[in-house]
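In: Task: produce atomic coordinates for the following.
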Amino acid sequence: MKYNTYFCDIDGTVFKYRLFDELQTTPVEIIESTKDLLVKWYNEGHHIVMTTARPEELRHFTVMELFNNSIPHHQLVMGIGRGIRFVINDMDPQKEVKRAHAINLYRDKGFDINVD
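Out: Residues are numbered from 1 along each chain as shown. Modelled structure (predicted):
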């Protein structure tokens, strides 16, 4: 079996959105439907990469926030741009299977669809 890689944004996707300058002074609110799906995918053996525009100087805070809230992941990529994000990947020429997909969620709403 081939395992998938999921790139998941943090603010507005896993945690309710907070401004960067409010992160350390306001309590985190978990978006349970996203956490549940990440746990499911992680337990199935898929690779989870958390992504965020949070600056690198918030790395320790972010790692602890993910850990303290039991958000499973394998990697954390910080400081990515706030603009539109693109995933570029090759297709299997034998099967013509698209190997890159995007799921856009409304901010702070989590998953209200079944994604497998």
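
In: switch to C-alpha atoms for all contacts and neighbour counts from now on
Out: Will do.

In: for the protein, longest helix please?
Out: Among the elements of the chain assigned as helix by DSSP state H, the one spanning the most residues is helix 32-43.

In: Give me the buried positions along the helix or strand following that one.
Out: Toward the C-terminal end, the helix or strand that comes next after helix 32-43 (DSSP states H and E) is strand 47-51. Residues of strand 47-51 classed as buried under the neighbour-count rule (16 or more other C-alpha atoms under 10 Å) are 47-51.

In: distance between the longest helix of the chain and the chain's centre?
Out: Between the mean C-alpha location of helix 32-43 and the chain-wide mean there is a distance of 10 Å, by C-alpha atoms, centre = their mean, to the nearest Å.

In: a strand runs through residue 100, doesn't it?
Out: No - assessed with DSSP: H, G, I helix; E, B strand; the rest coil, residue 100 is coil; it does not lie in a strand.

In: Look at it and say how many residues are nearby.
Out: A count of nearby residues for residue 100, using other C-alpha atoms under 10 Å, gives 14.

In: Likewise for residue 10?
Out: Applying other C-alpha under 10 Å, we find 19 residues neighbouring residue 10.

In: Okay then, goodbye and thanks.
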